[in-house]
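Enquirer: coordinates only, sequence not included:
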């Protein structure tokens, strides 16, 4: 909408220039010039009205810094609500912004009526912060604080939802956090930050409200640690590939391995991708991490093949993000494979389904396959996958996550495996955690199996020992 207002002002300028030129060079056309001036006036008026749009960010009367400081001295008796009003409707968010602005205004009024005008700040057009004191100062334990926040979130969420019609496709998400003896914080900004992280978690889980618990607090500590880690010089050297074997379920021989990115932070703490990937994406480091892992994996596999720990037919699966699938990626990978003496047919690039949705990534995938590389598609990752990506079949392998497997889903898995085999696509059952799930994957006809039942992802030196010990195959009966 802001762009529309800017266009109105631009059109008004063009109209005024046109009127001026008509009066100078064609004085007899004065009537036309007047019409141009009227049009210009209308556009100027529209632009001015647009500049007064209620979508603008508003703040309380008191400066924010003074507002926050008023709670700092009483930090252990304060809790924060971070509230987001999220529109799922294209019409409201892109066309009828006035309707959306009205809903924001109604919700803001309802929040003020419930918590008090002095306790709220509007951060953006659809985000609000509430800072509120507990009713019994200094006398509430952790459990009582949690119960009070729960009651507040339930009541406020219900009041806000009552203002919104189901047809409007608008959701309200609330995250609540507080300081205390068990999880003490040093500043009100830290409490707000934790409430924000909690609200994001609530939104990702499609829950109307959520109270910060030990898991969310641990997640936030990980995020903070990652942010600090990326600020250090030389963080790139701390990223290394860890390997998890891929097993032939008929012979239980190791036919390949997946290379997984791990951050060995400070040389001792090991962070998996799910811990650092969001922060890395926010800081635009994903493609850099991909490049580091790919280069180190190629060099590592070359070393192990030369040491005869791996056969020259050994499959190597490497995760690659959508950010890396750009023009020239396939040619670069071909050069690295040739440089390290690895056949392109040995390398399989593992991708999420969203990598099969953009023209640039699809072109990169096509180029990879034309150069002899394999491509695998991860499906059933977060309870859903892209059926269009599956139907397109621009890949050689699908990976079914058996962590989600239950007998109720057996027919679904069986249908996917059958459809894949009809397309000439191999199936890897990943997430094998126990013998029962392993047997289910075998009975369903999966071509390969992989998971913590065999071993956790392990660093290069440990993987060398593992391969040396099990070159003839795994003894599954000994795994329990």
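Expert: Perfect, thanks for sending it. These numbers were taken from a predicted model, which means no experiment stands behind them.
Enquirer: would you map the strands across the stretch 51-200 of the chain?
Expert: Assignment of strands within the stretch 51-200 of the chain using DSSP state E, counting those that start in this stretch yields the ranges 78-87, 120-124, 127-133, 170-178.
Enquirer: adjacent strands (with direction) for the first one?
Expert: To tie it back to what came earlier, the one meant is strand 78-87. As defined by DSSP bridges, the strand partners of strand 78-87 come to strand 127-133 (antiparallel), strand 170-178 (antiparallel).
Enquirer: please identify the deepest-packed of the strands of the stretch 51-200 of the chain.
Expert: Among these, ranked by average contacts under mean count of other CB atoms under 10 Å, first place goes to strand 170-178 (a mean of 25). To be clear about C-beta, it is placed using only N, CA and C from the backbone, and glycine gets the same treatment.
Enquirer: got a list of what the nearest residue to residue 377 once chain neighbours are set aside touches?
Expert: Nearest non-adjacent residue to residue 377, counting by CB to CB, 6 or more residues apart in numbering: residue 395, 4.5 Å away. By CB atoms under 8 Å, 6 or more residues apart in numbering, the contact list for residue 395 reads 351, 356, 365, 375-377, 425.
Enquirer: can you count the residues close to residue 72?
Expert: Neighbour count of residue 72, defined by other CB atoms under 10 Å: 13.
Enquirer: re earlier: out of the strands paired with strand 78-87, which gets nearest to residue 292?
Expert: Smallest distance to residue 292 across the strands paired with strand 78-87 (CB to CB): 33.7 Å, for strand 170-178.
Enquirer: mind listing the helices for the stretch 251-400 of the chain?
Expert: 273-282, 286-306, 329-339, 359-370, 387-392 (DSSP state H, counting those that start in this stretch).
Enquirer: can I get the ones you listed in JSON lines with distance to residue 413 and mean pLDDT?
Expert: As requested, those are exported to JSON lines (distance: least, CB to CB, whole Å; pLDDT from 0 to 100):
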{"stretch": "helix 273-282", "distance to residue 413": "23", "mean pLDDT": "88"}
{"stretch": "helix 286-306", "distance to residue 413": "29", "mean pLDDT": "96"}
{"stretch": "helix 329-339", "distance to residue 413": "31", "mean pLDDT": "96"}
{"stretch": "helix 359-370", "distance to residue 413": "25", "mean pLDDT": "92"}
{"stretch": "helix 387-392", "distance to residue 413": "13", "mean pLDDT": "65"}
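Enquirer: residue 347 - how many residues pack around it?
Expert: When neighbours are counted by other CB under 10 Å, residue 347 registers 26.
Enquirer: show me what contacts residue 475?
Expert: residue 252.
Enquirer: now residue 452: which helix or strand?
Expert: When elements are assigned from DSSP states H and E, residue 452 belongs to no helix and no strand.
Enquirer: now for it, how many residues are close by?
Expert: When neighbours are defined as other CB under 10 Å, residue 452 has 14 of them.
Enquirer: cool, residue 433 as well?
Expert: Residue 433, neighbours per other CB under 10 Å, totals 13.
Enquirer: how close does residue 403 sit to residue 450?
Expert: Relative to residue 450, residue 403 is positioned 11 Å away (CB to CB, to the nearest Å).
Enquirer: between those two, which contacts overlap?
Expert: Common neighbours of residue 403 and residue 450 (CB under 8 Å, 6+ apart) are residue 431.
Enquirer: please identify which of those two sits among more neighbours.
Expert: Per other CB under 10 Å, whichever of residue 403 and residue 450 has more neighbours is residue 450, with 24 against 14.
Enquirer: if I look at the more buried one, how far off is residue 475?
Expert: To residue 475, residue 450 is 17 Å away according to CB to CB.
Enquirer: cool, and residue 411?
Expert: Using CB to CB, residue 411 is found at 32 Å from residue 475.
Enquirer: and if you look at residue 212?
Expert: Shown here: residue 212 relative to residue 475, a distance of 46 Å by CB to CB.
Enquirer: turn the strands paired with strand 78-87 into JSON lines, including mean pLDDT and distance to residue 85.
Expert: Formatted as JSON lines, the strands paired with strand 78-87 follow (pLDDT from 0 to 100; distance: least, CB to CB, whole Å):
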{"stretch": "strand 127-133", "mean pLDDT": "92", "distance to residue 85": "8"}
{"stretch": "strand 170-178", "mean pLDDT": "92", "distance to residue 85": "5"}
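Enquirer: which of those strands sits closest to residue 205?
Expert: strand 170-178 (9.5 Å).
Enquirer: show me the shaky parts of the stretch 1-150 of the chain.
Expert: Low-confidence segments of the stretch 1-150 of the chain, defined by pLDDT under 70, are located at 1-62, 88-98, 137-140.
Enquirer: what's in contact with stretch 412-431?
Expert: Here stretch 412-431 makes contact (CB under 8 Å, 6+ apart) with 246, 376, 379, 390, 393, 395-405, 437, 441, 444-451.
Enquirer: break the protein into its domains for me.
Expert: Following automatic domain parsing, the chain resolves into domains at 2-51, 64-212, 232-479.
Enquirer: can you lay out the ones you listed as TSV showing distance to residue 225?
Expert: Converted to TSV, the domains of the chain look like this (distance: least, CB to CB, whole Å):
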stretch	distance to residue 225
domain 2-51	37
domain 64-212	13
domain 232-479	7
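Enquirer: neighbours around residue 296, how many?
Expert: Residue 296: 16 neighbours (other CB under 10 Å).
Enquirer: the stretch 101-250 of the chain: helices as residue ranges?
Expert: For the stretch 101-250 of the chain, the helices defined by DSSP H, counting those that start in this stretch occupy 142-161, 188-204, 214-231.
Enquirer: tally of neighbours for residue 339?
Expert: Residues lying near residue 339 (other CB under 10 Å) number 11.
Enquirer: tally of neighbours for the closest residue in space to it that isn't next to it in sequence?
Expert: Distance criterion CB to CB, 6+ apart; nearest residue to residue 339, sequence neighbours excluded, is residue 298 at 7.7 Å. Counted with other CB under 10 Å, residues neighbouring residue 298 total 22.
Enquirer: mind checking the longest strand of the chain?
Expert: strand 254-265 (DSSP state E).
Enquirer: who does it touch, helix- and strand-wise?
Expert: Applying 3 or more CB pairs under 8 Å, 6 or more residues apart in numbering; DSSP states H and E, we find strand 254-265 packed against helix 214-231, strand 239-247, strand 269-271, helix 273-282, helix 286-306, strand 315-319.
Enquirer: neighbouring strands - and their directions - for the last one?
Expert: If I follow you right, that is strand 315-319. In the sheet, strand 315-319 lines up with strand 254-265 (parallel), strand 347-352 (parallel) (DSSP bridges).
Enquirer: just the shortest one next, same as before
Expert: Its sheet considered, strand 269-271 pairs with strand 254-265 (antiparallel) by DSSP bridges.
Enquirer: quick one: average pLDDT of the partner strand?
Expert: Averaging pLDDT along strand 254-265 yields 95.
Enquirer: could you do stretch 395-415 as well?
Expert: On average, the pLDDT along stretch 395-415 is 88.
Enquirer: still on that earlier bit, reformat the strands paired with strand 78-87 as CSV; add distance to residue 324.
Expert: Converted to CSV, these look like this (distance: least, CB to CB, whole Å):
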stretch, distance to residue 324
strand 127-133, 32
strand 170-178, 32
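Enquirer: of all those, which lies closest to residue 226?
Expert: strand 170-178 (19.4 Å).
Enquirer: so residue 259 touches residue 320, yeah?
Expert: No: using CB atoms under 8 Å, residue 259 makes no contact with residue 320, being 10.3 Å away.
Enquirer: sweet, I'm off.
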